[in-house]
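In: Take this sequence and fold it.
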Amino acid sequence: MRLWRLTAWPSKGRAFDGLASARSPGRWNQRGRPTVYAASSVALAVLEIVVQSGSAPLLGYHAYPIDVPDGLIVRFDRTRLSPAWRSVAGRDECRVFGEAWRSEAAHSLGLMVPSAVIPEAYTAGDWCVVLDRTHGRWSEAAIGEPIALDLDQRIVALLGR
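Out: Residues are numbered from 1 along each chain as shown. Okay, the predicted model is just below:
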């Protein structure tokens, strides 16, 4: 499965160490859990970063392709989520599911989850993937060379407001 990670870090080591999410928990991980967030498309990855960073114009960001064997990613059943899962308070609910996934004895390297930004994308084949940086099969994720993100100037102008 081809995934994309957007980051301002130009080195693979820093871009994929999972330490930022370990220090500041994300929607699907608790503090102290090295986690790498990715998306199935560059477009969704951009939207996720925009929401997280506020109005940053994403200058200097890179898109890293990641190829993960399909058998190492499981799909989360989004019908298990409450109607409030997208809210700030709903993050706790998602973190509980993320921790339950990690605590399974044979948990997968990745958990395919819906985007809180555009949840409808999940049923249309576009999703976010939470990757466990400490998973024993992490080395099977093939990380490609970074591609400089070149956003349309109209988007940059909107983000720069």
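In: Could I get the full set of strands for this structure?
Out: Taking DSSP state E to define them, one finds strands in the chain at 2-7, 35-39, 62-67, 73-75, 110-113, 128-132, 142-143, 147-148.
In: Just tell me which of the ones you listed ends up closest to Asp17.
Out: Asp17 sits nearest to strand 35-39 of all the strands of the chain, at 8.3 Å, using CB to CB. C-betas here are computed from N, CA, C, even on glycine.
In: Quick check: pLDDT value at the residue nearest to His62 when sequence neighbours are not counted.
Out: Nearest residue to His62, sequence neighbours excluded (CB to CB, 6 or more residues apart in numbering): Pro146, at 3.7 Å. Here, the pLDDT recorded for Pro146 equals 94.
In: Can you tell me how far Pro146 is from Ala8?
Out: 11 Å (CB to CB, to the nearest Å).
In: So between the two, which is more surrounded?
Out: Pro146 (19 against 15; other CB atoms under 10 Å).
In: where are the low-confidence patches of the protein?
Out: 54-57, 105, 161 (pLDDT under 70).
In: for it, what spans make up the helices?
Out: For the chain, the helices defined by DSSP state H occupy 12-15, 19-23, 42-53, 90-103, 153-159.
In: would you turn those into TSV with mean neighbour count and distance to Pro65?
Out: TSV is the format used below for the helices of the chain (neighbours: other CB atoms under 10 Å; distance: least, CB to CB, whole Å):
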stretch	mean neighbour count	distance to Pro65
helix 12-15	14	11
helix 19-23	16	20
helix 42-53	18	9
helix 90-103	16	24
helix 153-159	12	21
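In: closest to Leu59 out of the ones you listed?
Out: Comparison of the helices of the chain against Leu59 by CB to CB identifies helix 153-159 as nearest, at 7.6 Å.
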